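Novice: sequence first, then the predicted structure, then my questions.
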Number of protein chains: 2
Amino acid sequence: MTARLRLYHFALDPASRQVRLALAEKALAFDLMDASPWDPDGPLASRNPSGLPPVLELADETGVRVAACGVRAILEYLEEVSPDPSLLPGGAIERAEARRLMDWFDTIFDAEVNAFLLHEKIEKRLQGLGAPEPANIRAGREALRWHLAHIDALLDAREGLAGPRFSLADIAAAAHLSCVDYIGEASWESHPAAKAWYQRIKCRPSFRPILADRLPGLPPVDGYQDLDF
Amino acid sequence: MTARLRLYHFALDPASRQVRLALAEKALAFDLMDASPWDPDGPLASRNPSGLPPVLELADETGVRVAACGVRAILEYLEEVSPDPSLLPGGAIERAEARRLMDWFDTIFDAEVNAFLLHEKIEKRLQGLGAPEPANIRAGREALRWHLAHIDALLDAREGLAGPRFSLADIAAAAHLSCVDYIGEASWESHPAAKAWYQRIKCRPSFRPILADRLPGLPPVDGYQDLDF
């Protein structure tokens, strides 16, 4: 792929982070464009009917055009147009398991954890929607503990989340967990297998830009960027 | 693929319907196993960590094993193992657009329409959770009108939802709309382009089993199965 890629993203959006990680793992150069999911006049409104990040644009000799909208479409697009290195397992059933986990984080984790913790502690803050609701924080924390225990169990039962090869399942899990880790909500000490796995992911060069993210007025907790946490 | 396929599904689940349609379009024989998404001791509980349909199993000489869980994983799995006929467009950017639309229906339509109309009129009824909440019915109907107008606009602007070839985008849209149509909520008369498109989909042989679905105690409205509605 010789055309230049441009990614419209929001730093604390797990879907955008998955695409940044996949692009970096595939060593694809791209321009990163900040875009707020809450801005009705921002660049996302005219590029994605949902108004949501991520959106991937392709600039080549024919001009600039939208290549793909949304994490599901973008990650499959990148696997198709830039298959080396592949970020999916080698067998069809194993790829289905990786995609099951991607969907798990993008829908179930998103609804049970992000909709509470990221909404209460990031979205409300950045949009000036008032103080976090304690009952929602509690619900999000309880769900997050369950999800971390589930990841522990998966990692105890098999080599890697979706098999031995680093895959989009690892990227999905790490992208989501890194956002709740930014606000200090991931209780790594109680989840040793998940912690060891996240420590390995954090050491990958593709993860460095994620660890350098800083939201204005909302810095990460101590330890967010530490490889030894 | 010579192995026998088995699909655990729920008749009024849009995700399950997408898989039934894709299997039929690819002329793959399969056994259809009824499974309730609300049964903690049912077959889904032991097969999919989410407990949700659809789940595709593969029976071959090595035994029965889960091939794929969830609509996202299953549809990509079927494209990989049974690529003829393909249910995705020919170009990478066009495939990304088809996947954007699949995700649109599985997440946005699901949250804005199904979570209100299917929940209030089907799930609550079948689970004995009481009468529908009028405010939720109104919210779902308003969202459905918006989505049908959006489909009209897409079909006016291009040939087919995601291009001229019948694709998984059509299957996703038709699977979701057919569920709200079962309960008489799709106002086709106000949406001529969407109606003409749905009429063409309904005539496909793959759609016949969908139109024959009957929930015990909750029959479809008149017109649900009619090709000329």
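Specialist: Structure's in. What do you need?

Novice: quick one: residues contacting A:Leu55.
Specialist: Check again: residue A:55 is Val, not Leu. By Cβ atoms under 8 Å, 6 or more residues apart in numbering or on different chains, A:Val55 lies in contact with A:7-8, A:35, A:43-44, A:47-48, A:66, A:68-69. (Glycine included, C-beta is placed from N, CA and C.)

Novice: and it, how close does it get to A:Leu23?
Specialist: 13 Å (Cβ to Cβ, to the nearest Å).

Novice: what's the helix or strand A:Glu80 falls within packed up against?
Specialist: Taking DSSP states H and E as the criterion, A:Glu80 maps to helix A:71-81. When contacts are defined as 3 or more Cβ pairs under 8 Å, 6 or more residues apart in numbering or on different chains; DSSP states H and E, helix A:71-81 sits against helix A:14-25, strand A:63-69, helix B:92-103.

Novice: tell me the mean pLDDT for the second one?
Specialist: Yep, that's strand A:63-69 we're talking about. Per-residue pLDDT over strand A:63-69 has a mean of 89.

Novice: give me the residues contacting the lowest-mean-pLDDT helix or strand in chain A.
Specialist: Within chain A, confidence by mean pLDDT, DSSP states H and E is lowest for strand A:63-69 among all helices and strands, at a mean of 89. With contact meaning Cβ under 8 Å, 6+ apart, strand A:63-69 is reached by A:5-6, A:47-50, A:54-58, A:74, A:77, B:93, B:96-97, B:99-100.

Novice: up against chain B, what does chain A have?
Specialist: Where chain A comes near chain B, counting by Cβ under 8 Å from any Cβ of the partner chain, the residues are A:48-50, A:58, A:65, A:67-70, A:72-74, A:76-77, A:80-81, A:92-93, A:95-97, A:99-100, A:102-104, A:107-108, A:150.

Novice: from those residues, which would you call buried?
Specialist: A:48-50, A:58, A:67-70, A:72-74, A:76-77, A:81, A:92-93, A:95-97, A:99-100, A:102-104, A:107-108, A:150 (16 or more other Cβ atoms under 10 Å in any protein chain shown).

Novice: now A:Leu215: how far from A:Asp13?
Specialist: 11 Å.

Novice: the two - which one has more neighbours?
Specialist: Taking A:Leu215 and A:Asp13 together and counting by other Cβ atoms under 10 Å in any protein chain shown, A:Asp13 has the greater number of neighbours (23 against 15).

Novice: how deep is the closest residue to the more buried one other than its chain neighbours tucked in, by neighbour count?
Specialist: Spatial nearest neighbour of A:Asp13, excluding adjacent residues (Cβ to Cβ, 6 or more residues apart in numbering or on different chains): A:Pro53 at 5.2 Å. Neighbours of A:Pro53 under the rule other Cβ under 10 Å: 28.

Novice: go on, A:Cys179?
Specialist: Residues lying near A:Cys179 (other Cβ under 10 Å) number 24.

Novice: ditto for A:Ala139
Specialist: When neighbours are defined as other Cβ under 10 Å, A:Ala139 has 17 of them.

Novice: residue contacts, it?
Specialist: Counting by Cβ under 8 Å, 6+ apart, A:Ala139 has contacts A:Phe116.

Novice: which of the residues in stretch A:174-189 are buried?
Specialist: Buried residues in stretch A:174-189 (16+ other Cβ under 10 Å): A:174-183, A:185-186, A:188.

Novice: hmm, who's touching it?
Specialist: Residues contacting stretch A:174-189 (Cβ under 8 Å, 6+ apart): A:12-15, A:17-18, A:21, A:105, A:109-110, A:113-114, A:117-118, A:121-122, A:140-141, A:144-145, A:148, A:194-195, A:198, A:201, A:207, A:210-211, A:213, A:220-221, A:223-224, A:229.

Novice: from these, keep the buried residues only.
Specialist: Buried members of the contacts of stretch A:174-189, scored by 16+ other Cβ under 10 Å, are A:12-15, A:17-18, A:21, A:105, A:109-110, A:113-114, A:117-118, A:121-122, A:140-141, A:144-145, A:148, A:194-195, A:198, A:201, A:207, A:210, A:213, A:220, A:224.

Novice: among the residues you listed, which lie within helices?
Specialist: A:14-15, A:17-18, A:21, A:117-118, A:140-141, A:144-145, A:148, A:194-195, A:198, A:201, A:210 (DSSP state H).
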